[in-house]
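Q: below is the structure, and that's it, no one-letter string:
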């Protein structure tokens, strides 16, 4: 799948439009991937910067602050067109956001 890049400043769906209180059932094909996607949306919600790119250190800091001692695992989100690595930062794609929103809209 070729990813569709988004402009984080103008993309119409924000992290707050996704309900992270529910599991993203049957959205990414594997439960582990869906759990990783939920963590990333929660990270964006709490960070308060929309879908701005992030470094691995950023998600790991959030993950650890929320009681997870291990390193964050992308479980395919970083290789299947849902995130795009640009330099040392990951960008969110339309495919990631729309998949999360369809699985668990908050509005």
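A: Everything's here; your move. This is a predicted model, so every value here is computed, not measured.

Q: the helix or strand where residue 92 lies: what's the following helix or strand?
A: Following DSSP states H and E, one finds residue 92 within strand 89-92. Using DSSP H and E, the helix or strand that follows strand 89-92 in sequence is helix 94-103.

Q: starting at the chain centroid, how far to that next one?
A: Centre-to-centre, helix 94-103 and its host chain are 9 Å apart (Cα atoms, centre = their mean, to the nearest Å).

Q: and the strands in this protein?
A: 54-55, 83-86, 89-92 (DSSP state E).

Q: list the helices and strands the strand holding residue 92 packs on?
A: strand 54-55, strand 83-86 (3 or more Cβ pairs under 8 Å, 6 or more residues apart in numbering; DSSP states H and E). For glycine as for every other residue, the C-beta is placed from the backbone atoms N, C-alpha and C.

Q: how about that strand: buried residues?
A: For strand 89-92, a neighbour-count test (16 or more other Cβ atoms under 10 Å) marks 90-92 as buried.

Q: distance to residue 7 for these - can I get that in a markdown table?
A: Formatted as a markdown table, these follow (distance: Cβ to Cβ, whole Å):
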| residue | distance to residue 7 |
| --- | --- |
| 90 | 16 |
| 91 | 10 |
| 92 | 11 |
